[in-house]
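Student: Need a 3D model of the following:
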Amino acid sequence: MGVYKRGGTYWFKFVWNGETVRESAKTGNKRTAEQIEAARKTALAKGEAGIRDRRPVPTLKAFVPRFDKAIETNCAEKPRTVEFYKSRSSQLAKSELGVRRLDRIDEDLIEKYRQTRAATKSRLGRVLAPGSINRELATLRRLMRLAYDWKVIDRVPRIKMLRGERNREFTLPSDREAVYLAALPFPLCDVATVLLDTGLRLGELLSLDWRQVRLEPVRGAKFGFLTILSGKSKNSKSRNVPLGPRVAEILNQHEPKREGLVFTRADGTALQASLLGQQQKRVRELLKFPKDFVLHSLRHSFGTRLGEAGADAFTIMRLMGHSTVTVSQRYVHPSPEAVELAFGRLMELNLQKAGTNPGTLGMAS
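Tutor: Here you go, the predicted model:
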């Protein structure tokens, strides 16, 4: 046992957990061979204890390229999501957090970053909105979680969002819908109608391909449908969204090309969300709608109208591609009449199961 010489080279031999370890030290120096044997035993001990040799932990700035690459890979079909994260990871890299090692970024440093950003003014001299800062914090949280998953760090610090973020939940009134749609220029006129009647996310519409369109109903259905391959959430699944008459008419007008993207510019190039946003802003100001009326409001209006039509939360979840039914529940506001109707149906069902004739209730036996 121990170090011994074979020819001109030292070997070592020992028993570890009942098994013999015999290896060449690849040296003719006995002392060096003994050191190599000791190092081998140490490595085995570390492995049993779950200890691993740590690589140097990178700074946030040094880690950002790896994060961006992961976002590009995982969100390849969502260019707007990629743009969202890359722009904010760039901001984080330029901040005071950028020079910090990831394992040194704790709750205290994050709180200081929140306070610094809350006091920062934009190029227009305005204080940054809580929503803008929260998008940066959300990016930081995803970056830190990715570093944890890759075993770069051992823990993810708790990251709190700022309060006071405005929720844009404007719903387009039905009595102003016709005026709004009539004022829209191309291509927003088509885009807005589809968003309003399908509840798609803008990104889902902009990436919609003709292979996802089925204009004719199938298997006894009343409507054609769009197949949306995935939603915003990583937990979302593909879903079919029925086509109402207005959307079907718009798609039939676009049908001659029948390949590539459904919605494009007049020259056939891809639509940009920025162009649609500019058109929406001009019409909003012209018709004196509130600033909260953004294109996403059309999706919210779709969900609200579904709820008003009596759709349950699970149906809304399926049509809109929500990750959880909790998100869908905010659109469900049952009226007193709906509550009475549901209760009446329950009573009828109970009576049927009991084999009781409703007309005999209350009669003496």
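Student: secondary structure element for residue 14?
Tutor: strand 9-16 (DSSP states H and E).
Student: Partner strands of that strand and their direction?
Tutor: As defined by DSSP bridges, the strand partners of strand 9-16 come to strand 2-6 (antiparallel), strand 19-24 (antiparallel).
Student: Save those as JSON lines, and put in mean pLDDT too.
Tutor: Listed next are the strands paired with strand 9-16 as JSON lines, based on pLDDT from 0 to 100:
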{"stretch": "strand 2-6", "mean pLDDT": "89"}
{"stretch": "strand 19-24", "mean pLDDT": "86"}
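Student: Now distance to residue 67 and mean neighbour count too, for those strands, in TSV please.
Tutor: Bear in mind the C-beta positions are built from the backbone N, C-alpha and C, glycine included. Below are those laid out as TSV (distance: least, C-beta to C-beta, whole Å; neighbours: other C-beta atoms under 10 Å):
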stretch	distance to residue 67	mean neighbour count
strand 2-6	47	12
strand 19-24	40	11
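Student: Which one, of these, ends up nearest to residue 341?
Tutor: strand 19-24 (73.6 Å; C-beta to C-beta).
Student: Tell me the buried residues in the strand holding residue 14?
Tutor: Neighbour counts over strand 9-16 (16 or more other C-beta atoms under 10 Å) mark 10, 11, 12, 14 as buried.
Student: ok, back up a step: include distance to residue 162 when you put the strands paired with strand 9-16 into CSV, please.
Tutor: Output for the strands paired with strand 9-16, formatted as CSV (distance: least, C-beta to C-beta, whole Å):
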stretch, distance to residue 162
strand 2-6, 63
strand 19-24, 57
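Student: Residue 64: which of the ones you listed is closest?
Tutor: strand 19-24 (41.7 Å).
Student: which residues are in contact with the closest one?
Tutor: 9, 10, 11, 12, 13, 14, 15, 40, 44 (C-beta atoms under 8 Å, 6 or more residues apart in numbering).
Student: swap in stretch 329-336?
Tutor: Contacts for stretch 329-336 (C-beta under 8 Å, 6+ apart): 303, 304, 306, 307, 308, 311, 312, 313, 316, 342.
Student: Distance from the chain centre to stretch 286-295, please.
Tutor: 26 Å (C-alpha atoms, centre = their mean, to the nearest Å).
Student: Would you list the phi and psi of the residue of the chain most remote from its centre?
Tutor: No residue in the chain sits farther from the centre than residue 7, which is 64.0 Å out by C-alpha atoms, centre = their mean. Backbone torsions of residue 7, given as degrees, to the nearest 10, read phi 70, psi -130.
Student: sorry, back to before: so which of the contacts of stretch 329-336 comes closest to residue 355?
Tutor: residue 342 (22.4 Å).
Student: Count the neighbours of the closest one for me.
Tutor: 11 (other C-beta atoms under 10 Å).
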